[in-house]
Structures are given as structure tokens and as C-alpha cells.
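Novice: structure for the following, please:
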Amino acid sequence: MWQLRNYLLVIVLVAIVSCRQSSDSGENLNLIPDKTNPSPDYWCTWGAQNYASDTLSVYHTLSLGGHSVTAGYVNEKNLFSQAGWSTALPDELKEDLFMVLDVGWDVPVGTQFDDERWRLGSLRVVEDKFPSCKGTKAERLITLNKMVLENGWKGTGLWLPSHPYRDRMNGKVMSDKEVEDYYREALELCRAAGINYWKIDYGYRGDIQFREDVTRLARELFPGLLIEHGRGSGPLNDEECPWDTKNYFRTGSFRAWDDGKVMERFVEIAKISAVLRTYDITQQLSIPTTLDRVAQVLSELSETGEEVIINCEDEPYIGAVLGCAIGIMRHPHMIEVEGLDYDPFDFKYRVDELVRAVKWHRIAPAFGAGLSQNILDSVVLFDSWSFNEGDGWANWMNGKNAIQGAPAKVSRGMPLPIVTCDEDPPFVLCSTHPNGAVAVGTLPRVSGRNVHYPLADVTIEIHDEKKPVGIFGRFRSLTLLFVNVESFNELKLFAQDLAGDRAEDITHLVRMDKQSIVIPGDIIQAVGRKAATEGDLSEPGLIIKFH
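Specialist: Next up, the predicted model:
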């Protein structure tokens, strides 16, 4: 695991920045708009159900136990009590997120469904888990949504299986009319309750036609509902998985997986979805696995006009920079078990970066995969991890080494960044949002059983100096090359930690010439963590803007 770092240098730099502000520096300027993030970002209960409940839940997960046990942990007490999961997350994060209740919210305590999935999808908030929810189906859903909203969340999302309730009970397959009737009722219930997000997976009907029919019906009856689909993939690209394709080559390449059929399936699903989830990963190799899935789908949909938003799960800085929705799984109550390395990035201590990412989405919301030119570097970087027992739920990988590759650079709506590094570089991402905002970020690397963060000099092009720039991750330096600017005379550059509420003048801390600005990496580190919560290990994330 990463150890707590010595932040003395950062503290000194912050002090220097603060002391050198002039009295007319706009010290009350806040660069983050006071509005709700419009992106379909959410926090999902699934990670907490597995890792933040008790040690039994952790060991059950690591042994790849069935979902029936894990389903038992999603309940009113665990969510909303004084020590509950919702209470432990900061209000400034929750106000920009849906809370998605995952598997178990609508099945009674003790229900065994792993071999009888028809028991899932009742859409009835069960009273033994949520005692405050009483009355009819509709009344229970209304009360559940009210509880979520009263706890500070933007809205409620629900997990549904990819089949209707009781489909295949006693071996009987529902007719097309029965399926349609189920979803008509479900849509009406959720519309009346104000529930605006469905996360659909893990069921009998994963085919394209089923997903397309559900999405079409929703657009007809409840156009405000966002439906997320995904392919039920294994957690490593082109790698062994007991329930995924047997045609894998261990290349670590998403595009090569099953001779390209897996990627083709992702793209097919994307074209009929409001949101496409990149699906499950291992914690250790989440960055290259997720980035490659995002990048390859973006490449396939580049400039097609497709409006589907990609959900990159719990990779907030991929989501922030590349215009993807974020599906957060981590939680500060994640249980640590000595000798087990299932949280190598110390995600439980990285909540501030979630705040930074969703606050950036107030400025540059997630946008459709086909609404920009999406460019991938021809160079592929490979990360690796040697899996041991206790490293995670992908326990069939214990004792094996896995590699995962992803493009070294990815861009949307702008040229690829220029990157110079004295070692194997970080992944570097950038984008120009349809509204003109620009984002750039770097991501760490993994090899053997180590996480490391190489520092690089990064240069990106910017065409409108009036638009904000979001900066995420660590840099040796960042150069902003303004293509259409003749000079920066009389302009002041302000910067603000995206987890904070006050901007500061950093003009004197950067180097400006006729058309470029060079920001030292230590300034990015200092300002981008200035509002850090004590003990939080999150990487820097800041906004800069001329004012």
C-alpha cells in the first residue's frame, strides 16, 4: 500500500502562495459555479456492501462468494444511521451525485437468489431492510427516494436485473407482452417516485434487443429516466475469467479480446444506451483496464454524433478529463485487514479527489462519446500486477501475473498532448469540452506489486484563453500553448483547488511568454491540494482561469 507521504514541501508552497497574494487579487473569487452537477455521476452501494460492512463481508467477497450474502448488507441502518455509509460521505460530494442502491434493496433478508435470479427485480422496497418504507409499492419507493434526498443526495438510482421479476420462475420464460407489461409498470412507479436512474446488469436477458426495447420504452413513457447498460465483463481485458469468453490471449488489450468481439459488443450496447458502464475491474489494474475500455469505445464512436455517455466507474480523473460519468464505489469505511492488499491505492483515504472530479463536472459535464474527435496514441503503455491471495475478488488470478495495456495518450476535441519524461511516462489525457473548457490529467503506473507516479513535462494546445482549464494529477511541469493569443498583458491567472471555495492569483508563480504559460509541478501540487482534508491522500485537482 502507498504510505502517508511527507507534505512539508506542499505546506510551505501553500504558505508562499497565500502570503504573496495582493490585496486586490480577488481573494473572494470562487471559480466553481453554485449549481448542481448535471452529469449522471453516482455513488453506488456495491463497494460498501462488499468492503465496508464487516470482516465477514470482506472474506466472503475475496472468496468469490455468491451475491445473496452481499445483498443482505444494503439496508436502512447501514445507509442512513448516524454511523451509516451516507453519513460518512461529505455533503459537498453527495449534492452532485445520485445514490445508486445496488443488488439487494428489493429482496427480503436471507433470500437466496444466486441460482434463482428470477427473485430479483420485484421493485418492492422490502420492509425488513427499510422499515420506514411502508404502504404500496409506489408509496415505499416515494419514501425511499425522500430518505435519499433528505440525506443530501442529488437523486436516487436503482439497480435492476436484466430481466423482469419472476422471469424463468419454475423454468417458465415470460412472453414479450409480460416483459413489456412489467417494464411499463416499473417505469410508471419510478416516474411517480421521482427516481431518475436505472443501473441494469446481472440477469437472464443480456441481449441487445432486450436492452434496446427497455430503453425505447423508457424514452416513450419516462424520457427523464437515465438507463445504464453494460456488458457483464471479466475484470481484466483479454484475460482469463470463469464466466467470460474462453477465447482470450493474455495480451492485456481490450481491442484484442475474443478477436475483437468483446469491444464490438460494447459498441453495440453503447449505441442503444443513455449510459454505458465500462464494468468490473481489479483494484490493482483499474487504471489501464478502464482507460483502454474508454479509449477504444471513444475511438470507435469518434465524430459519429452518438450521445451515449461512458461511465468509467471509480476512476474519477479519467471521468473528469475525458468527459465520462463517474460511478464511485469506494468508501471511507472500507475495512482494512492486515496482510490483505485489496486496496493498494488506499482509496478509503481518497475522497477529496471525488469532490474535485464532480465539481469539475459542474463546469464541464460529461458529454456524448460521439460528439468530439477522439484520438488515441499509437504507443501503448503496459502495467502489471502479480496477484496474491487476498488481493481481491478475482481469486482465480492468485499466483499469476497479469498485464493490462492502454494508450499512452488520449485526447478528445484537441490534439494529443506532448509528453517528456525521464522514465516510463504516466498516462496523459486531455480534452476540450463542447463548451470550450479544457482538461488535462496524468495517471499513475503499476508494475510488479508497486504503484508509482512518474513526473512528466506536458504541453497542450488551447484555443480560447477565456475558458477555464482543469488540471488533475501530478506533473513536473505543464505548458499551456495558447494558439490564438498574441500576449497576456494585463491578464491575471487565478487558480483554485476544486475541493475548495476560493481562488488565488498565481500569475507571479508561473512563467509567461508571448503565447504560452508554464506551470511548475510543485505549484500544481500545492494549489491542487490546498483544501485537502486532513489525512486525505488524493491527487491534486484544480481549476485555473484568467480573470
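Novice: and for residue 192, the neighbour number?
Specialist: Neighbours of residue 192 under the rule other C-beta atoms under 10 Å: 15. Just so you know, the C-beta spots here come from the backbone N, C-alpha and C atoms, and that holds for glycine as well.
Novice: check for me that it belongs to a helix.
Specialist: Yes. Looking at residue 192 with DSSP: H, G, I helix; E, B strand; the rest coil, it is inside a helix.
Novice: just checking, it touches residue 139?
Specialist: No. Here residue 192 lies out of contact with residue 139, judged by C-beta atoms under 8 Å, at a distance of 9.7 Å.
Novice: residues in contact with residue 430?
Specialist: By C-beta atoms under 8 Å, 6 or more residues apart in numbering, the residues touching residue 430 are 321, 409-412, 414, 416-417, 438-441, 460.
Novice: contact partners of stretch 175-182?
Specialist: Contacts for stretch 175-182 (C-beta under 8 Å, 6+ apart): 164-165, 167, 174, 210, 213, 217.
Novice: circling back: quick check, nearest of the contacts of residue 430 to residue 305?
Specialist: Nearest to residue 305 out of the contacts of residue 430 is residue 412 (C-beta to C-beta; 14.3 Å).
Novice: excluding its backbone neighbours, what's nearest that closest one?
Specialist: Leaving aside its sequence neighbours, residue 412 sits nearest to residue 431 (C-beta to C-beta, 6 or more residues apart in numbering; 3.8 Å).
Novice: which residues touch that neighbour?
Specialist: 321-323, 372, 411-414, 438-439 are the contacts of residue 431 under C-beta under 8 Å, 6+ apart.
Novice: let me have those residues in CSV, extended by distance to residue 392.
Specialist: Formatted as CSV, the contacts of residue 431 follow (distance: C-beta to C-beta, whole Å):
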residue, distance to residue 392
321, 26
322, 25
323, 28
372, 34
411, 31
412, 30
413, 35
414, 35
438, 35
439, 30
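Novice: hmm, back to that, and the residue nearest to residue 412, what element?
Specialist: Take DSSP states H and E as the rule and residue 431 turns out to sit in strand 427-432.
Novice: check residue 404 too.
Specialist: When elements are assigned from DSSP H and E, residue 404 belongs to strand 401-407.
Novice: likewise residue 77?
Specialist: Using DSSP H and E, residue 77 falls in helix 76-80.
Novice: what residues does that helix touch?
Specialist: 45, 48, 53, 84-87, 99, 101, 129-133, 147, 151.
Novice: looking at those residues, which are in helices?
Specialist: Judged by DSSP state H, the subset of the contacts of helix 76-80 located in helices is 48, 85-87, 147.
Novice: can you turn the buried part of the residues you listed into a PyMOL selection?
Specialist: PyMOL command restricting the ones in helices among the contacts of helix 76-80 to the buried ones, with burial defined by 16 or more other C-beta atoms under 10 Å:
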select buried, resi 48+85+86+147
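Novice: can you pull the buried residues of the helix or strand containing residue 266?
Specialist: Assigned by DSSP H and E, residue 266 belongs to helix 261-270. For helix 261-270, burial by neighbour count (16+ other C-beta under 10 Å) applies to 262-263, 265-267, 269-270.
Novice: and of these, the nearest to residue 183?
Specialist: Using C-beta to C-beta, residue 269 comes nearest to residue 183 of the buried residues of helix 261-270, at 17.6 Å.
Novice: quick check: closest non-adjacent residue to that closest one.
Specialist: Looking at residue 269 with C-beta to C-beta, 6+ apart, the closest residue is residue 229, at 5.1 Å.
Novice: and stretch 523-535, how far apart are its ends?
Specialist: This stretch, stretch 523-535, spans 20 Å end to end (C-alpha to C-alpha, to the nearest Å).
Novice: that one: how far from the chain's middle?
Specialist: Chain-centre distance of stretch 523-535: 21 Å, with C-alpha atoms, centre = their mean, to the nearest Å.
Novice: cool, and stretch 137-145?
Specialist: Stretch 137-145 sits 28 Å away from the centroid of its parent chain (C-alpha atoms, centre = their mean).
Novice: picking up where we left off before, could you give me the average pLDDT of the helix holding residue 77?
Specialist: Taken as a whole, helix 76-80 has an average pLDDT of 98.
Novice: chain neighbours aside, what residue packs nearest to residue 449?
Specialist: residue 386 (5.6 Å).
Novice: mind listing what the one you found touches?
Specialist: 400-401, 448-449.
Novice: adding pLDDT, neighbour count and distance to residue 541, write these out as CSV.
Specialist: Putting the contacts of residue 386 into CSV (pLDDT from 0 to 100; neighbours: other C-beta atoms under 10 Å; distance: C-beta to C-beta, whole Å) gives the following:
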residue, pLDDT, neighbour count, distance to residue 541
400, 97, 14, 34
401, 97, 12, 32
448, 91, 11, 28
449, 94, 15, 27
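Novice: of those residues, which is the nearest to residue 520?
Specialist: residue 448 (30.6 Å).
Novice: neighbouring strands of the strand holding residue 404 in the sheet, and parallel or not?
Specialist: Sheet pairing of strand 401-407 (DSSP bridges) gives strand 380-386 (antiparallel).
Novice: for the strand it pairs with, buried residues please.
Specialist: Buried residues in strand 380-386, counting neighbours by 16+ other C-beta under 10 Å, are found at 380-385.
Novice: now do stretch 127-145
Specialist: For stretch 127-145, by 16+ other C-beta under 10 Å, it's 129-130, 133, 137, 140-145.
Novice: ditto for stretch 150-168
Specialist: Result for stretch 150-168 [16+ other C-beta under 10 Å]: buried residues 151-168.
Novice: among these, which lie within strands?
Specialist: Among those, the residues falling in strands (DSSP state E) are 155-160.
Novice: contacts only, for the residue positioned nearest the centre of the chain.
Specialist: Ranked by distance to the mean C-alpha position of the chain (C-alpha atoms, centre = their mean), the top residue is residue 326 at 2.8 Å. Residues near residue 326 by C-beta under 8 Å, 6+ apart: 39, 41-42, 311-316, 319-320, 354, 357-358, 361, 366.
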